[in-house]
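Enquirer: turn this into a structure:
(one chain, ligands or ions: 1)
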Amino acid sequence: MIGRTDALLEEPSGLRQLVFGYAVAGVSQGLVFGTLIPILRALLDGTVPWNWLVVAALGAAVSGISLVTTSNVGYYVGIEAVTDALMRRVSSHVATLPLGWFTSARAGQLSSIMSTSLQNLMNVPSVFLQQMTVAVTTPATVVVLIAFVDWRISAALLIPVPLLYYYFRAIKKVSGPEHDREERVNADASEKVLEFARLQPILRASGTLVGGWGELNDAIDASRESTRRSLDRQNAPLARYAATVVLTLALGLVCVAYLSMGGALQPTDAVVIMLFAVRFVEPLSLVGAYASGLQLADTALDSVEAVLDAPALPEPAHPRTPADGSVEFDHVAFGYAPDRPVVHDISFRCAPGTVTALIGPSGSGKSTLTRLIARFWDVDAGSVRIGGVDVREMSTTSIMNMTAMVFQNVYLFDDTVLENVRLGKPDATDEQIHTVARAARLDSVIDALPDGWDTRVGEGGSLLSGGQRQRVSIARALLKDAPIVLLDEATAALDGENEAAITAAVAELAVGRTVIVIAHRLSTVRGADQIVVLDGGGVENIGTHDQLIGRNGIYSDFFRDRSDAAGWTFGQEIPR
Ligand SMILES: Nc1ncnc2c1ncn2[C@@H]1O[C@H](COP(=O)(O)OP(=O)(O)OP(=O)(O)O)[C@@H](O)[C@H]1O
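Expert: Residues are numbered from 1 along each chain as shown. Take a look at the predicted model:
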């Protein structure tokens, strides 16, 4: 575990030094017990063993001081050198990962690493490592000291040790997958609780709440079942370990009794060694329980390792600068899983300052294409170019500077509206923010808010409506003033005011910029400079509204089959 932690941190964490400090405490504790033999012998001879008493006092002092100082350093190592340093490593690595890595499952995984896994590691240096090291070094010292009196007793005590080690490994082995399973099942249950809270209006309206919500009940049952199963599976090796500890003590005591009956052991020595034997097994009995804790720390390191192993987005050695804001797909193929392409042989060009509408049935690859432009993932074949430069030859900063994204389900920070817009350009003045707010038709929203610009938007922007959140997102994009805008038009039914405001705001956004829009509204599609119709991950047709209407294909079928197209939304409704 220590080696893995040091490897993950790429520098020594200080855990080895801590083990050394705790070992000094454990050995000195064992030596203090060892002085009992000469002390008792001297007392029975009627002398006061001052020298041994001094040794015992010194041993106790060394043990106490090293235990206190090492565990104090352990707190520091746990908080700063391990937990904090790993959090920083994870955060800085995550910042280099492709945006496509951040699925909602990964976000949950990341949050669980930062909150639970790394917190589990925090106590390892000060508590767990201390208990474990002392529980091993004290009995080890005691057994060596017993050997000075009679080696056969030490041998008897050591016979079951390999068995103890075997059961220790067995407990650790079974608890590994169980911890993983428990972590997954508990994360799922927490996710379901959140979903249950969010879905309240729908669940109540549909009467699904009678008898509880099945999915939540199932998740809670699975969580309980997983904990029960985990305890069950650890129970057998734990019981075997405990029985072996008792066997060790019994062997030691039988050996002492045998030797003292044969006269090989003085009665006083026999009594003290019996005490030693008890002292030998006492800490060992605790070690079994530490196996599960050690595995918990290993599981935490596994999750950290999984994130750190995710390959960073390769940055070009010599980044190139795009000539303009054009976007071009050149025979692009891409799939989320190897050998399962989601889009294939995609080729089209969006000239600078034009609007391209992407339409097509659900799952045809519209979102995937917009995200490939911002290099959420790298293509499997072909090339995505911005201003004539392959995005893989551009620095991530340059791609981010060139593109602004206005997607559905806009996430806002739990801060004021002003600060949420400012994110588009952190050094923007309030005046610049007010100007883009007017263009994004956000000013009317601000006027109606209780504290105007200083109104907090709640977690994720929950205090604003979907349409209002999208206006904030458009204002951000306007403030950023990137030459390329990737837009996913809202599919949700918007009220008249939001609909008109967003249409006007998008029109502002389109002025002088290259816009690639996943279009759901007829007005957007009609007004686009080119419409790219996708089907089954390929380009089915490209042209303007007038051109496509005159050709056979999905687009003209759509208009022919429906007489009143004005109120339709594209996307899911396009027939195959
Ligand atoms: N992160 C992902 N991991 C794996 N598969 C994905 C991922 N995102 C999308 N897909 C799959 O890729 C295919 C194309 O999805 P995409 O979201 O690009 O289509 P779309 O045309 O935008 O669909 P919609 O109109 O429903 O949003 C679908 O089969 C989808 O299930």
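
Enquirer: point out the residues in the protein that sit beside the ligand.
Expert: 103, 336, 342, 360, 362-368, 571 (Cβ under 6 Å from any ligand atom). For the C-beta atoms, the positions are set from N, CA and C on the backbone; glycine is no exception.

Enquirer: show me where the stretch 251-400 of the chain has its helices.
Expert: In the stretch 251-400 of the chain, the segments counted as helices under DSSP state H, counting those that start in this stretch are 267-309, 366-373, 396-402.

Enquirer: and the second one, what does it pack onto?
Expert: In terms of contact count using 3 or more Cβ pairs under 8 Å, 6 or more residues apart in numbering; DSSP states H and E, helix 366-373 is assigned the packing partners strand 327-334, strand 343-350, strand 355-359, strand 381-386, strand 484-488, strand 514-518.

Enquirer: tell me the buried residues in stretch 13-23?
Expert: Neighbour counts over stretch 13-23 (16 or more other Cβ atoms under 10 Å) mark 13-15, 18-19, 21-23 as buried.

Enquirer: for these, point out the one with the lowest pLDDT.
Expert: Within the set of these, pLDDT is lowest for Ser13 (79).

Enquirer: quick one, which of the helices of the stretch 251-400 of the chain is packed in tightest?
Expert: Most buried of the helices of the stretch 251-400 of the chain, by mean neighbour count (mean count of other Cβ atoms under 10 Å): helix 366-373, with a mean of 22.

Enquirer: please tabulate the helices of the stretch 251-400 of the chain in a markdown table, including the columns mean pLDDT.
Expert: Below are these laid out as a markdown table (pLDDT from 0 to 100):
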| stretch | mean pLDDT |
| --- | --- |
| helix 267-309 | 83 |
| helix 366-373 | 94 |
| helix 396-402 | 92 |
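
Enquirer: wait, which of those helices is closest to Thr455?
Expert: helix 396-402 (28.1 Å; Cβ to Cβ).

Enquirer: and the strands in the stretch 451-576 of the chain?
Expert: Along the stretch 451-576 of the chain, counting by DSSP state E, counting those that start in this stretch, strands occupy 484-488, 514-518, 530-535, 538-543.

Enquirer: between the ones you listed, which one is nearest to Pro314?
Expert: Across those, the minimum distance to Pro314, taken as Cβ to Cβ, is reached by strand 484-488, at 21.5 Å.

Enquirer: roughly how far out does the closest one sit from the chain middle?
Expert: 29 Å (Cα atoms, centre = their mean, to the nearest Å).

Enquirer: so which bits of that strand are buried?
Expert: 484-488.

Enquirer: turn the strands of the stretch 451-576 of the chain into a markdown table, including mean pLDDT and distance to Glu80.
Expert: Listed next are the strands of the stretch 451-576 of the chain as a markdown table, based on pLDDT from 0 to 100; distance: least, Cβ to Cβ, whole Å:
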| stretch | mean pLDDT | distance to Glu80 |
| --- | --- | --- |
| strand 484-488 | 92 | 41 |
| strand 514-518 | 94 | 46 |
| strand 530-535 | 94 | 52 |
| strand 538-543 | 94 | 54 |
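
Enquirer: export these as a markdown table, with columns for distance to Ile446.
Expert: Output for these, formatted as a markdown table (distance: least, Cβ to Cβ, whole Å):
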| stretch | distance to Ile446 |
| --- | --- |
| strand 484-488 | 22 |
| strand 514-518 | 25 |
| strand 530-535 | 35 |
| strand 538-543 | 40 |
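
Enquirer: return the subset of the buried residues of stretch 13-23 lying in strands.
Expert: Members of these lying in strands (criterion: DSSP state E): none.

Enquirer: which two from these end up farthest apart in space?
Expert: For the buried residues of stretch 13-23, the farthest-apart pair by Cβ to Cβ is Ser13 and Ala23; their separation is 16.9 Å.

Enquirer: tell me how far the residue most central in space within the chain lies from Thr299.
Expert: When Cα atoms, centre = their mean is applied to the chain, the residue found nearest the centroid is Leu110 (1.6 Å). Leu110 sits 16 Å away from Thr299, going by Cβ to Cβ, to the nearest Å.

Enquirer: for Pro314, same thing?
Expert: Noted for Pro314: a distance of 30 Å to Thr299, by Cβ to Cβ.

Enquirer: same deal with Val90?
Expert: 15 Å.

Enquirer: could you give the number of residues near the residue of the stretch 51-200 of the chain found nearest the ligand?
Expert: Of all residues in the stretch 51-200 of the chain, Thr103 sits closest to the ligand, at 5.4 Å by Cβ to the nearest ligand atom. Around Thr103 there are 10 other residues, counting by other Cβ atoms under 10 Å.

Enquirer: Pro338 now?
Expert: 7.

Enquirer: next, give phi and psi for it.
Expert: Backbone torsions of Pro338, given as degrees, to the nearest 10, read phi -60, psi 140.

Enquirer: pLDDT at it, what is it?
Expert: So Pro338 comes in at 81 (pLDDT).

Enquirer: same check on Asp564?
Expert: 48.

Enquirer: and the residue lying closest to Ala501 once chain neighbours are set aside, its phi and psi?
Expert: Of all residues not flanking Ala501 in the chain, Arg441 sits nearest, at 3.6 Å (Cβ to Cβ, 6 or more residues apart in numbering). The phi/psi pair for Arg441 (degrees, to the nearest 10) reads phi 60, psi 30.

Enquirer: show me what contacts the nearest residue to Leu259 once chain neighbours are set aside?
Expert: Once flanking residues are discounted, Leu259 sits nearest to Leu265: 4.3 Å by Cβ to Cβ, 6+ apart. If a contact means Cβ atoms under 8 Å, 6 or more residues apart in numbering, then Leu265 has 149-150, 256, 259, 273 as its contacts.

Enquirer: cool, and Asn401?
Expert: Ala482.

Enquirer: ok, Arg422 next?
Expert: Arg422 sits in contact with 428, 433, 479, where contact means Cβ under 8 Å, 6+ apart.

Enquirer: scan the helices and strands of this structure for the one with the lowest mean pLDDT.
Expert: helix 200-206 (a mean of 72; mean pLDDT, DSSP states H and E).

Enquirer: show me which residues of it are buried.
Expert: Leu203.

Enquirer: how about it as PDB, C-alpha atoms only?
Expert: Extracted in PDB, the C-alpha atoms of helix 200-206 (Å, rounded to 0.1, in the frame of the first residue of the first chain):
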ATOM      1  CA  GLN A 200     -41.400  13.900  -7.300                       C
ATOM      2  CA  PRO A 201     -43.800  15.900  -9.500                       C
ATOM      3  CA  ILE A 202     -43.900  13.100 -12.100                       C
ATOM      4  CA  LEU A 203     -44.100  10.300  -9.600                       C
ATOM      5  CA  ARG A 204     -46.900  12.000  -7.700                       C
ATOM      6  CA  ALA A 205     -48.800  12.800 -10.800                       C
ATOM      7  CA  SER A 206     -48.600   9.200 -12.100                       C
END
